[in-house]
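Trainee: Sequence plus the predicted model coming up.
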Amino acid sequence: MVSEADTNEQEEAPLPEVLKLNHKFFSMVPGSYFRASEREDECYMVTPLSDEETVELPLNGIRRELKIKETSSDHQMLDLVKKALRFVQRIQDGDNFPSKILTGKASWEVTELHRTVAQKRLTMQLITWLSGEEEVITDKAQLDMVADDPANKIKILDAFEGAAKEIGIPVEEKEKILDMINEFAEELAYIEALRGQFLRLMVIESRLAELNPIYTNDSRMFETLDRVTRLANGAFDIFRKDFENIDLHTKHIIYILKDMPATIKNINRFRDDLYGRFWAWRELIEEWELTPAGRSVNVERLVQKTYEFLAQRFLPQDEWELFTQLKEKTMETAQKLW
């Protein structure tokens, strides 16, 4: 009979830090690894067949074919693989799992600049709350200007005192408000880091805008650019709304101070989702940053690559399947002609 203590011990058992699969299938071909699908509901095991060829097997299909039991360690490992692939591009046997799924700590780094921006933002929220018109400022230049204003520096002590009274802290312990601001700023800094990544993403928006007039006389490329631009704008709008939603959930400084655990839990959920989606763009961002706008084979390849990336994620399923079929037929025709 399992005691309550044994049950609690099982529930609290630490997660494995390293991916280690026992079934021999997973180690049959050296170099095999797991990657996320373009569609969020699947992951793949990628197995090299030669230097240039690979085969990709869906993870859910592998589970079924190998009859992996839910109580087995391999089943737990594959669950962790799916979670890990939200935060890394690929993972293979012997790799460490990202810290996010083991400890809850964010898998990406923040700088002192991100922390400073977060602290200034929350401090200004507190000062503007005291005046009766709380304001959320996220632009760094504007934050620097208002936060460094001598008048606002004087108001901050009054704001600490007012906040202490509002949330039930003795006025003589108003310094605790600063500690709370710093604690929450540490969490908010990860959002500010992601806001910086979004600004990097905008290089794609600017490159596409620069390319449109360049390819005006090329109907094929102009049409492709138009489709890419429309899909990209839709994706960027989703990111903008996500940041607006996060800012909305961190808008009321007194509510934050009254119930920081709940607010931190909410923004962590938002930021993890954002990071997972930003990660998928990483390779494209780096390529576009290194590719100046101009008429070239490399630019046209990158435009097509961007279209396929966006179509996989933002076209309706039936339209994506049609696009894939047309692409396969085009490749078959090209091979016959060659």
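Mentor: That came through, no problem. Numbers count the residues shown, from 1 in each chain.
Trainee: who does the longest helix anywhere in the chain touch, helix- and strand-wise?
Mentor: Identified as the longest helix of the chain according to DSSP state H is helix 175-214. In terms of contacts (3 or more Cβ pairs under 8 Å, 6 or more residues apart in numbering; DSSP states H and E), helix 175-214 is packed against helix 112-130, helix 150-167, helix 219-249, helix 253-258, helix 260-289, helix 297-314. From N, CA and C alone the C-beta is placed, and that goes for glycine too.
Trainee: And the pLDDT at the residue nearest to Ile214 when sequence neighbours are not counted?
Mentor: In this structure, Ile214 finds its nearest non-sequential neighbour in Arg295, 5.6 Å apart by Cβ to Cβ, 6 or more residues apart in numbering. Per-residue pLDDT puts Arg295 at 93.
Trainee: So Arg295 belongs to a strand, correct?
Mentor: No. Checked against DSSP: H, G, I helix; E, B strand; the rest coil, Arg295 lies outside a strand; its state is coil.
Trainee: Near it, how many other residues are there?
Mentor: Applying other Cβ atoms under 10 Å, we find 12 residues neighbouring Arg295.
Trainee: Make CSV from the helices and strands packed on helix 175-214 and add mean neighbour count and distance to Glu42 to it.
Mentor: Listed next are the helices and strands packed on helix 175-214 as CSV, based on neighbours: other Cβ atoms under 10 Å; distance: least, Cβ to Cβ, whole Å:
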stretch, mean neighbour count, distance to Glu42
helix 112-130, 21, 33
helix 150-167, 16, 46
helix 219-249, 15, 20
helix 253-258, 19, 37
helix 260-289, 16, 14
helix 297-314, 17, 12
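Trainee: Now distance to Glu17 too, for those helices, in a markdown table please.
Mentor: What follows is the helices and strands packed on helix 175-214, written out as a markdown table (distance: least, Cβ to Cβ, whole Å):
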| stretch | distance to Glu17 |
| --- | --- |
| helix 112-130 | 27 |
| helix 150-167 | 39 |
| helix 219-249 | 30 |
| helix 253-258 | 33 |
| helix 260-289 | 19 |
| helix 297-314 | 31 |
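Trainee: List just the one of these that sits closest to Leu85.
Mentor: helix 260-289 (8.6 Å; Cβ to Cβ).
Trainee: which strands and helices sit next to the closest one?
Mentor: Using 3+ Cβ pairs under 8 Å, 6+ apart, helix 260-289 sits against helix 175-214, helix 219-249, helix 297-314.
Trainee: Show me the protein divided up by domain.
Mentor: The record's domain parsing of the chain by automatic domain parsing lists 12-95, 117-321.
Trainee: and the ones you listed as JSON lines, adding distance to Trp108?
Mentor: Below are the domains of the chain laid out as JSON lines (distance: least, Cβ to Cβ, whole Å):
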{"stretch": "domain 12-95", "distance to Trp108": "8"}
{"stretch": "domain 117-321", "distance to Trp108": "6"}
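Trainee: closest to Glu109 out of these?
Mentor: domain 117-321 (7.3 Å).
Trainee: Now do the closest one: distance to the chain's middle.
Mentor: Remark: domain 117-321 is offset 11 Å from the chain centroid, using Cα atoms, centre = their mean, to the nearest Å.
Trainee: Please apply the same query to stretch 60-80.
Mentor: When distances are taken as Cα atoms, centre = their mean, stretch 60-80 is centred 26 Å away from the chain's centroid.
Trainee: what's it in contact with?
Mentor: The contact list for stretch 60-80, computed with Cβ atoms under 8 Å, 6 or more residues apart in numbering, reads 15-16, 19-23, 25-26, 42, 45, 59, 97, 101.
Trainee: For Glu183, which non-adjacent residue is spatially closest?
Mentor: Nearest one to Glu183, counting by Cβ to Cβ, 6+ apart, is Met260 at 6.9 Å.
Trainee: Oops, could you answer that again for Ile204 instead?
Mentor: Trp288 (5.0 Å).
Trainee: wait, the one you found sits on Glu205?
Mentor: No. The criterion here is Cβ atoms under 8 Å, and Trp288 misses it with Glu205 at 9.6 Å.
Trainee: pretty sure Ala106 contacts Glu186?
Mentor: No. The criterion here is Cβ under 8 Å, and Ala106 misses it with Glu186 at 10.3 Å.
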